[in-house]
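**Student:** Next one to model:
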Amino acid sequence: MPRTRTLLATFALAATLISPVRAQDAAHALAMHGKPKYPAGFTHFSHVNPEAPKGGRVVLGQTGSFDTLNPLIIRGEAAVGVRDWVYETLMARSMDEPFTMYGLIAKSAETPPDRKWVTFNLDPEARFSDGQPITADDVIFSMEVLRERGRPNHRNSYKKVVRTERLSDHAVRFVFNDSGDREMPLIMASMPVLPRHLLTPETFERTTLQPVVGSGPYVIAAVDPGRSITYRRNPDYWGRDLPVNRGRFNFEEIRYEYFRDTSVQFEAFKSGVIDIRTEDDPKLWSGGYDIPAKREGRILTREIETGLPAGMSALAFNIRRPVFQDPRVRQGLILLFNFEWVNKTLYHGLYKRTESFFERSHLSSAGKPADAHERQLLAPFPDAVLPAVMEGRYRMPVSDGTGHNRDNAREAFRLFGEAGYVIEDGRLVHSKSKQPLSFEILAGSTVQQRLIASYVSDLAKLGIRARLRVVDSAQYQSRLKDYDYDMIQTAWPSSLSPGNEQVFRWDSRTADMPGSFNFVGVKNPAVDSMIKRLLEAETEEDFISAVRALDRVLLSGHYVIPLFHASRQWVAHWRHVKGPETLPLWGYTLDSWWIEGQK
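**Tutor:** Sure, this is the predicted structure:
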């Protein structure tokens, strides 16, 4: 008998070890590092007004155009807002934390300490806007169709799912490969859920101007192709009383008006056609709002502190092009960008120079010597980081603030000489190939014209012929998708939890993948390794070291000409539009604002 009891106990223990996670282990939230800010049973996020009135219409401006309502494929140019207002993700991201997901379609989730899999327990009340329930079949269909036919970022991430288990109508488990990517449970929690009963893999891939169906708080009410799109709050929205939604989605209608020209868009705001405007032009912010409506208090302006990194705004080299394959040429062109002069003459001195891909945060490597863990991570790649970058001494070139920039031009000319360029007949040409140092800067709007024209003028002084070419937004997006450009002005925004999006931006596997954000064409084993390490990091300390190490490798590669950033978010709005006094870590977010009274 004792032996029998021992065997039974052993079998019971073994069954416990191999059985699925017990129901009581399901969590209301998933945090990338540490613990969620909000406990189980919380009533609403701290940055919202839970008593905000519902109703009214808000109008926003958008530049460019659109020709599809499908934002999940690379074809076409999608209308703004579909991902925000119509499609929902399995869980909802908190704007108060670096990266934490809370219950939404999936009311809870289960994942083991090694994060090799995740189980989502769906809310039985979850419905699409046509009334159909959301089931595990919809979740599985969404993952599979996005993995095989979606945008490259979805394809890359979801390929790490090696097995899908349908546990019940309202429970699904995703099992991951051995990549060690600890972000995958949260990446899957961020997946948009599509209606399987309305789509097939083939119809999913098509561009369309027919209103799409999701489970979110709004439905598409009106579409004027290329000109405007209107979203109307769904009165039967299944999730309106969830803690993650209380105090949010307050407007009865959200309308986006499209403008070809930003100056016309600004005039539309001043005349009251547009209700809220996020400003990114220092010239307008410093003087453009000095109008009667502002002086009379009918237009209000706010400078909003944000805890997010500024990210990287830059002129990006396409190093697939022969002209930019020598890093000395790229370094010389960085030296010739006269930030101090541009900031003073074009932007009223309101910008700060960007010196890191994670600027304005503790993740930045600028001014910090590499710690022991960073050096350990970088040791297999001894030539990947410049000594000055490793030691925290590296800074962007600084000029005397005049339009001459002589010292930097002298150093740039020395680098060009090392790369084989000489002056012939007033032009910088390669001594062997006789090819001039010449390239095109592609732009999608005239907003960039002043900045690029100033830079082109400085390049001409050294015999470098750069040309600005402005194309319409559809052509610009098409050329970006196929990397058909020499240089572009672009930006890579950042959060306090960099993760799989870094693969989509910098990993060697995406350099030749149409539609990725690896605009530069980076293929660097050190970059690939640092991205892998930050995805594998189990502690916040190791994560920070890996992100800083990635920052150092990217800076040392001279892949971009870093531009500038504002220290705050600039938001202007008409008085009838209100926002919460306490704003989240992410700053301004439209979903927590409301209309007070009527226009």
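**Student:** Please report how far the residue most central in space within the chain lies from Leu104.
**Tutor:** Against the mean C-alpha coordinate of the chain, by C-alpha atoms, centre = their mean, the closest residue is Pro493 at 4.9 Å. Per C-beta to C-beta, to the nearest Å, Pro493 is found 23 Å from Leu104. Using the backbone N, CA and C atoms, a C-beta is placed for each residue, glycine as well.
**Student:** Could you do Pro217 as well?
**Tutor:** Distance, Pro217 to Leu104, by C-beta to C-beta: 11 Å.
**Student:** now do Arg295
**Tutor:** Taken as C-beta to C-beta, the span from Arg295 to Leu104 is 43 Å.
**Student:** Run through the residues that contact the residue nearest to the centre of the chain.
**Tutor:** Leu308, Gly311 (C-beta atoms under 8 Å, 6 or more residues apart in numbering).
**Student:** quick thing: my sequence starts at 48, can you match it?
**Tutor:** Sounds good: first residue 48 from here, last item Pro540.
**Student:** Pull the residues that contact stretch 562-571.
**Tutor:** By C-beta under 8 Å, 6+ apart, stretch 562-571 touches 121, 198-200, 363-367, 431, 527-528, 530, 535, 537, 539, 548, 551-555, 557-559, 600-601, 604, 606-607.
**Student:** now do stretch 245-261
**Tutor:** Counting by C-beta under 8 Å, 6+ apart, 114-117, 119-120, 122-123, 129, 133-135, 175-177, 188, 191-192, 195-196, 239-242, 266-267, 270, 272 sit against stretch 245-261.
**Student:** Ok, stretch 233-242 next?
**Tutor:** Outside stretch 233-242, the residues touching it (C-beta under 8 Å, 6+ apart) are 77, 79, 119, 130, 134-138, 140, 146, 148, 152-153, 156, 165, 167, 175, 177, 179, 181, 185-186, 188-190, 192-193, 201, 204-205, 208, 221, 228, 251, 260-262, 546-547.
**Student:** From these, which land in helices?
**Tutor:** In this view, the contacts of stretch 233-242 that belong to helices under DSSP state H are Asp185, Val186, Phe188, Ser189, Met190, Val192, Leu193, His201, Ser204, Tyr205, Phe251.
**Student:** The fourth one - how many residues pack around it?
**Tutor:** The number of residues packed around Ser189, counting by other C-beta atoms under 10 Å, is 26.
**Student:** Spatially nearest residue to it (excluding sequence neighbours)?
**Tutor:** Leu241 (4.5 Å; C-beta to C-beta, 6 or more residues apart in numbering).
**Student:** Please report phi then psi for the one you found.
**Tutor:** Dihedral pair for Leu241: phi -110, psi 150, per degrees, to the nearest 10.
**Student:** low-confidence ranges in the stretch 348-497 of the chain?
**Tutor:** For the stretch 348-497 of the chain, no stretch is flagged by pLDDT under 70.
**Student:** What ranges does it have for its strands?
**Tutor:** 359-364, 399-400, 468-471, 474-477, 485-490 (DSSP state E, counting those that start in this stretch).
**Student:** Quickly run through the sheet partners of the third one, with directions.
**Tutor:** Think strand 468-471. Using DSSP bridges, strand 468-471 pairs in its sheet with strand 474-477 (antiparallel).
**Student:** What segments of the stretch 348-497 of the chain are helices?
**Tutor:** Ranges of helices in the stretch 348-497 of the chain, per DSSP state H, counting those that start in this stretch, are 374-382, 386-393, 419-425, 434-437, 453-465, 496-507.
**Student:** Among the ones you listed, show me which one is buried the most.
**Tutor:** Burial of the helices of the stretch 348-497 of the chain is given as mean neighbour count (mean count of other C-beta atoms under 10 Å); helix 374-382 ranks first at a mean of 22.
**Student:** For it, which helices and strands make contact with it?
**Tutor:** Under the contact criterion of 3 or more C-beta pairs under 8 Å, 6 or more residues apart in numbering; DSSP states H and E, helix 374-382 touches helix 453-465, strand 607-609.
**Student:** and the ones you listed as a markdown table, adding distance to Leu382?
**Tutor:** Output for the helices and strands packed on helix 374-382, formatted as a markdown table (distance: least, C-beta to C-beta, whole Å):
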| stretch | distance to Leu382 |
| --- | --- |
| helix 453-465 | 4 |
| strand 607-609 | 9 |
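**Student:** of all these, which lies closest to Ala73?
**Tutor:** strand 607-609 (43.4 Å; C-beta to C-beta).
**Student:** May I have the strands that pair with the closest one, each with its orientation?
**Tutor:** By DSSP bridges, strand 607-609 pairs with strand 359-364 (antiparallel).
**Student:** What are the contacting residues of the strand it pairs with?
**Tutor:** By C-beta under 8 Å, 6+ apart, strand 359-364 touches 371, 377, 380, 384, 401, 403-404, 406, 488, 499, 502, 533-539, 541, 566-567, 606-612.
**Student:** Those, buried ones only, as a PyMOL selection?
**Tutor:** In PyMOL, this line selects whichever of those come out buried by 16 or more other C-beta atoms under 10 Å:
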select buried, resi 371+377+380+384+401+403+404+406+488+499+502+533+534+535+536+537+539+541+566+567+606+607+608+609+610+611+612
